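K.L.:
whatever this is, show me its structure:
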Amino acid sequence: MDGNSNPDLVNVFEVFLVQPLSLSEISIPDFLARSIFSAQKAETMVFYRNAQLICCVLLQEFAGLKI
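P.N.:
Residues are numbered from 1 along each chain as shown. Modelled structure (predicted):
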């Protein structure tokens, strides 16, 4: 960047891209803990759902790195 970036554009970028990624990163340990405990209790459907959510969140974060 040349130092002449539009502050409104930077704010929009932060609100719509950075903050959702931060929230999804914070939620990963919760889903991971739920997956571990559901696997220990042999609750396969809960484990499967949480594993899918973890994969979706991680894929979204890695897709954001390509920007």
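K.L.:
quick one, what contacts the residue lying closest to residue 39 once chain neighbours are set aside?
P.N.:
Distances taken as Cβ to Cβ, 6 or more residues apart in numbering place residue 47 nearest to residue 39, at 4.9 Å, with adjacent residues excluded. No exception for glycine: its C-beta is placed from N, CA and C like everyone else's. By Cβ atoms under 8 Å, 6 or more residues apart in numbering, the contact set of residue 47 is 35, 38-39.
K.L.:
buried stuff in the helix or strand containing residue 47?
P.N.:
Assigned by DSSP states H and E, residue 47 belongs to helix 44-65. For helix 44-65, burial by neighbour count (16 or more other Cβ atoms under 10 Å) applies to 47, 50-51, 53-54, 57.
K.L.:
out of those, the closest to residue 8 would be?
P.N.:
residue 57 (28.4 Å; Cβ to Cβ).
K.L.:
how near is the closest one to residue 42?
P.N.:
Per Cβ to Cβ, to the nearest Å, residue 57 is found 24 Å from residue 42.
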